[in-house]
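Chemist: Quick one, structure for this:
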Amino acid sequence: MRCPECGEASNSRLRYCENCGAKMPEPPPGVTGSRPTLRARRSMEEPSYAADIIDEAEAHRQGVDYVPPAPAAKSKSKVIATATADTAEDTDPGQTGPKYDGPRWLASVPAHSQSVVGLAVLAFALALSILPAFDGVGVVGTLLALVGGVLLVARELRLAGEASSVTKLLPAVLYRPEVPAAYAALLTALAVRMLGLGFTPVLWLLGAGLVVHDQYRKVIAGPEGVLARYFDGRQLLVVPEVVALGGVALCVLTLFAPWATVSTMPEVANAPVPAGPPELHVIPSQRAADDVLYTAGAGITTLSGWDLSGAVVVELLLLSLLGLLALRPEVSRPAWTRFAPAGVVGVGLLWALLHIRISPGPIIFVIGLGAVGVQAFRQLREAQLQAYAAPVPAYDDGMDETERLDDEPDPDDMGPDDEPGAYATRPDDEPEPDPDDMGPDDEMEDVKPRRR
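Modeler: The predicted model follows:
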């Protein structure tokens with residue numbers, strides 16, 4: 001709007017001219033002169049495009065009324081943009097994976113795998129075991145859990161089609177279903193060792209439960225699973241395998257019993273007193289009887305079988321022996337497996353003798369090993385009998401049975417002299433030779449016995 005006095009353009013929202021100070025005329029009703037009132041009203045559902053805003057600003061600068069484009073043109077441009085986006089998406093297959101429709105709590109997990117969540121919980125439990133206040137599975141159990149966890153994560157990522165540049169570095173034999181099945185059995189054994197009260201046992205039960213439940217559905221259960229192809233649990237319920245099963249169960253249960261006691265009270269040495277003469281020494285003496293009420297059991301710690309070094313290794317060997325006894329008869333196994341029970345019994349007995357005390361735990365453990373030793377002696381005895389009863393290999397003439405039958409003569413075509421074991425005879429129509437007509441060469445030489 002222009003000033004009526006000086007003719008300069010001024011803002012219509014002001015009541016006085018910015019140039020000369022004259023009073024500006026009143027704006028027409030409905031138009032306040034502000035920029036928003038000059039815009040055409042559009043529906044709230046319709047989006048605002050940058051091109052429309054630029055055109056509206058240009059029309060306002062030129063002082064003309066802005067006419068918005070028809071909705072048909074906008075819808076047409078929107079359809080073109082959508083079609084372009086769809087075409088670009090169709091011509092770029094494989095860049096985005098299929099939409100995930102599984103459980104919501106696995107949506108952001110790598111490979112959307114329940115096993116990965118369980119392994120994360122187990123990794124946290126293994127990290128806590130570094131601290132002295134938390135219990136762990138030992139050095140051997142920790143290494144086995146970490147190595148198996150890496151292989152299981154690699155297999156889950158490969159099945160999901162993720163991180164192919166990393167998963168292709170491992171050999172294909174490590175992706176077989178037997179590997180996660182064996183790792184699930186390992187976690188089960190380690191979870192048994194961690195049974196107890198505390199925060200770490202809860203983490204182990206949760207993590208191992210998630211992994212075992214997931215892998216049981218994937219590779220263990222079913223007609224094509226590892227359990228149906230290799231193992232038959234009913235073999236452990238027959239005699240004498242059931243004796244070995246009871247012995248292994250007894251050995252594992254006795255590991256929860258007390259095995260030894262350790263005193264944490266400092267020992268007072270017979271050292272000289274710093275403030276006195278060198279002849280003055282501290283004489284160790286027994287505590288008074290009235291102190292028993294306050295110090296009974298103080299400084300004495302009871303150790304179970306799991307607290308001893310090598311307990312996890314012995315447990316894994318005993319459970320592996322049960323898996324070996326549960327193998328199906330048609331499953332091929334190496335020849336050294338017949339000596340496996342004897343080896344397990346030997347290692348377990350040596351470990352028990354190193355930590356034996358006058359306590360129920362070690363004694364019952366040795367009794368359980370004796371039950372396993374019965375099965376070990378039985379297998380060694382059977383192997384020895386099979387070695388003695390092995391048949392001597394017959395002479396091989398290099399001919400198969402078909403060729404040998406073809407070379408044999410037909411019994412119908414055989415004469416009396418061709419029969420096996422028959423002596424050569426003279427035909428009936430042939431006369432006997434005359435002794436007078438026989439020459440010196442025709443006479444038969446009598447064979448005389450050789451003198452000694």
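Chemist: tell me, how many neighbours does residue 241 end up with?
Modeler: 17 (other CB atoms under 10 Å). Quick note: C-beta positions are derived from backbone N, CA and C, even for glycine.
Chemist: Break the chain down into its structural domains.
Modeler: 39-86, 112-230, 233-265+300-387 (automatic domain parsing).
Chemist: Make TSV from the ones you listed and add distance to residue 15 and mean pLDDT to it.
Modeler: Output for those, formatted as TSV (distance: least, CB to CB, whole Å; pLDDT from 0 to 100):
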stretch	distance to residue 15	mean pLDDT
domain 39-86	21	59
domain 112-230	68	92
domain 233-265+300-387	92	87
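Chemist: where do the helices sit along the stretch 1-150 of the chain?
Modeler: 35-38, 50-62, 71-90, 114-128, 138-160 (DSSP state H, counting those that start in this stretch).
Chemist: In JSON lines, list the domains of the chain along with distance to residue 23.
Modeler: Converted to JSON lines, these look like this (distance: least, CB to CB, whole Å):
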{"stretch": "domain 39-86", "distance to residue 23": "22"}
{"stretch": "domain 112-230", "distance to residue 23": "74"}
{"stretch": "domain 233-265+300-387", "distance to residue 23": "98"}
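Chemist: Select, out of those, the one closest to residue 102.
Modeler: domain 112-230 (5.6 Å; CB to CB).
Chemist: The closest residue to residue 210 other than its chain neighbours: how many residues sit nearby?
Modeler: Using CB to CB, 6 or more residues apart in numbering and skipping residues adjacent in sequence, the residue nearest residue 210 is residue 118, 3.1 Å away. Look at residue 118: counted by other CB under 10 Å, it has 23 neighbours.
Chemist: right, and residue 118 touches residue 203 too?
Modeler: No. Applying CB atoms under 8 Å as the test, residue 118 and residue 203 come out as separate, 10.3 Å apart.
Chemist: intersection of neighbour lists for these two?
Modeler: Between them, residue 118 and residue 203 share no contacting residue under CB atoms under 8 Å, 6 or more residues apart in numbering.
Chemist: Which helix or strand lies directly C-terminal to the host helix or strand of residue 319?
Modeler: Assigned by DSSP states H and E, residue 319 belongs to helix 311-325. Next along the chain after helix 311-325, taking DSSP H and E as the criterion, comes helix 340-354.
Chemist: Contacts for that following helix, please.
Modeler: 244, 251, 310, 314, 317-318, 320-321, 324, 362, 365-366, 369, 372-373, 375-377, 379-380.
Chemist: how does it look with 7 Å?
Modeler: Residues from elsewhere that reach helix 340-354, judged by CB atoms under 7 Å, 6 or more residues apart in numbering: 251, 310, 314, 317-318, 321, 324, 362, 365-366, 369, 372-373, 375-376, 379-380.
Chemist: Show me just the buried residues among those residues.
Modeler: Among the contacts of helix 340-354, those classed as buried by 16 or more other CB atoms under 10 Å are 251, 314, 317-318, 321, 324, 362, 365-366, 369, 372-373, 375-376, 379.
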